[in-house]
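1. need a structure here:
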Amino acid sequence: MPASPDTESPAAVWIRTQAPRWEALAAEAAAAPRRPHATVDEALHTLRTYRVLTQHLASARELMPAGLLTAALQNTCATLHAAINRAPRLTGSRWLRLIRDEIPAAAASVRTLALWLAALLVASALAGWWLIDTYPALVTLIASPRMIDGVERGHLWTYQVLNLAPPALLSARIFSNNVMVILGAFCSGILFGLGAFYMIAYNGLMLGGLLAFTHQHGLELGLVKFTLAHGPVELSVMCLAAAAGTALGEAVIRPVHSTRTESLRRRAAQLGPLLLACALLLLGSGLIEGFLSPRAAVSIPVRLAVGLGYWTLMLLWLGGRLIPKAKAKETTR
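-> Okay, the predicted model is just below:
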């Protein structure tokens, strides 16, 4: 037979009296995470629901610490907490703030590292030139037998890519390959900068070595002509991605917040927009490399104009000068 009200435990009385209210709270907790756009009244109602649920959770932990009801209330509170604190959707103003403010700020925070890595790229390219120019047989370390055979026959491999795939498919392949490169530079940079040092130095050695090898066969102008339109931005983006990864490694080595985990989390959130910018810039480079660079009929002045123009556009964007900020209205007394 059911227990009388006098013999019921405080927990049972509390559950019986609050059960009807929990149905309404549960309905709101289930609807809030699925709501794409909330009005002001709906948002306030969700906040009130969360506050009431936390109060009930505190009571449940006191009356029945290991009960199923406590676990259910805790899960519901966690769901509402995630719904309340989720990031806002990328509206027009959010995109504008991301492109105009957050990406330039992230680029500015790693500017010094990127310049040092660019200097490393140049130094390693000079070292690669000297190495292959002095010991030509070492070209097998950086070039495939097919590339070497073609250059020795007087043909660059760069202008044969259009025969393998149409420009659209070629651009997609180049973009995916470039994205993998910058992700590798970013992820390897977190290893205290050693991975970024290796990737930049290796690519510089390979670039300088190939230039020296083609120079030995009188084809260096063709290689420069091929890379002139897309190369400046691609190399710059690689240095930026490596600098961002190195900055993450620095956040672990020298944390500026209470813990290394917190320092890493905040630094990653700050540098995230920069990776988006790198991907967008590489998308443009992939289109240029797929549609323009392999065409031998395009003159050097045109390639130079495209390469310098795109590189200047990148510098203006990352420097925060591409989109002017709205001026604050002056108030008159």
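2. Name the helix or strand for Ala127, please.
-> helix 111-134 (DSSP states H and E).
3. continuing past that helix, what's the next helix or strand?
-> Criterion used, DSSP H and E; the element after helix 111-134 is helix 145-152.
4. Run through who's touching the helix or strand where Ala43 lies.
-> Using DSSP H and E, Ala43 maps to helix 40-63. The contact list for helix 40-63, computed with Cβ atoms under 8 Å, 6 or more residues apart in numbering, reads 10-11, 14, 18, 22, 25, 28-29, 32, 35, 38, 67, 69-70, 73-74, 76-77, 80-81, 83-84. Backbone N, C-alpha and C define where each C-beta goes, glycine included.
5. Near the closest residue in space to Ala82 that isn't next to it in sequence, how many residues? Count them for me, please.
-> Using Cβ to Cβ, 6 or more residues apart in numbering and skipping the chain neighbours, the partner closest in space to Ala82 is Pro33 (7.1 Å). Per other Cβ atoms under 10 Å, the neighbour tally for Pro33 reads 13.
6. With Thr259 instead?
-> Around Thr259 there are 9 residues (other Cβ under 10 Å).
7. hey, where'd the helices end up in the stretch 201-333 of the chain?
-> 220-227, 231-253, 260-291, 300-318 (DSSP state H, counting those that start in this stretch).
8. which other helices and strands contact the shortest one?
-> To tie it back to what came earlier, the one meant is helix 220-227. Judged by 3 or more Cβ pairs under 8 Å, 6 or more residues apart in numbering; DSSP states H and E, helix 220-227 is in contact with helix 194-216.
9. tell me how far the helix it packs on is from the chain's mean position?
-> Counting by Cα atoms, centre = their mean, to the nearest Å, helix 194-216 is centred 25 Å from the centre of its parent chain.
10. For it, name the packing helices and strands.
-> Against helix 194-216 (3+ Cβ pairs under 8 Å, 6+ apart) you get helix 111-134, helix 145-152, helix 167-189, helix 220-227, helix 231-253.
11. make it 6 Å
-> helix 111-134, helix 167-189, helix 220-227, helix 231-253 (3 or more Cβ pairs under 6 Å, 6 or more residues apart in numbering; DSSP states H and E).
12. What residues of that helix count as buried?
-> Across helix 194-216, burial judged by 16 or more other Cβ atoms under 10 Å covers 195-197, 199-201, 203-215.
13. Trp157 is in contact with Asp149, isn't it?
-> No - Trp157 lies out of contact with Asp149 (Cβ atoms under 6 Å); the separation is 9.7 Å.
14. now, of the helices and strands packed on helix 194-216, which is deepest in the fold?
-> helix 231-253 (a mean of 24; mean count of other Cβ atoms under 10 Å).
15. Just the angle for that helix relative to helix 300-318, thanks.
-> 30 degrees (axes from the mean of the first three to the mean of the last three Cα atoms, to 10 degrees).
16. Helix 231-253 - contacts with which helices or strands?
-> Looks like helix 231-253 contacts helix 111-134, helix 167-189, helix 194-216, helix 260-291, helix 300-318 (3+ Cβ pairs under 6 Å, 6+ apart).
17. For that helix, what does the pLDDT average out to?
-> Average pLDDT, helix 231-253: 91.
18. so how far is it off the chain centroid?
-> How far helix 231-253 lies from its chain's middle: 11 Å, per Cα atoms, centre = their mean.
19. ditto for stretch 85-104
-> Worked out by Cα atoms, centre = their mean, stretch 85-104 lies 14 Å from the chain centre.
20. Quick check: mean pLDDT of that stretch?
-> Rounded mean pLDDT across stretch 85-104 is 78.
21. swap in stretch 138-158?
-> Mean predicted confidence for stretch 138-158 is 87.
22. First residue to last residue on that stretch, what's the distance there?
-> Start-to-end span of stretch 138-158 (Cα to Cα, to the nearest Å) is 21 Å.
23. quick one: which helix or strand includes Gln74?
-> helix 68-84.
24. could you check the angle helix 40-63 makes with that helix?
-> Using the same axes, to 10 degrees, helix 68-84 lies at 150 degrees relative to helix 40-63.
25. can you pull the buried residues of helix 68-84?
-> In helix 68-84, counting by 16+ other Cβ under 10 Å, buried: 69-70, 73, 76-77, 79-80, 83.
26. ok, now which ones touch Ala242?
-> With contact taken as Cβ atoms under 6 Å, 6 or more residues apart in numbering, Ala242 is in contact with 117, 185, 189, 196, 200.
27. can I get the residues you listed in CSV with distance to Ser293 and pLDDT?
-> Below are the contacts of Ala242 laid out as CSV (distance: Cβ to Cβ, whole Å; pLDDT from 0 to 100):
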residue, distance to Ser293, pLDDT
Leu117, 24, 94
Ala185, 22, 82
Gly189, 28, 77
Ala196, 26, 87
Ile200, 22, 92
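28. Torsion angles phi and psi at Met64?
-> Dihedral pair for Met64: phi -140, psi 80, per degrees, to the nearest 10.
29. Report pLDDT for the most centrally placed residue in the chain.
-> For the chain, the residue nearest the mean C-alpha position is Leu275 (2.7 Å; Cα atoms, centre = their mean). Per-residue confidence (pLDDT) for Leu275: 90.
30. Quickly note the distance from it to Ala244.
-> Relative to Ala244, Leu275 is positioned 7 Å away (Cβ to Cβ, to the nearest Å).
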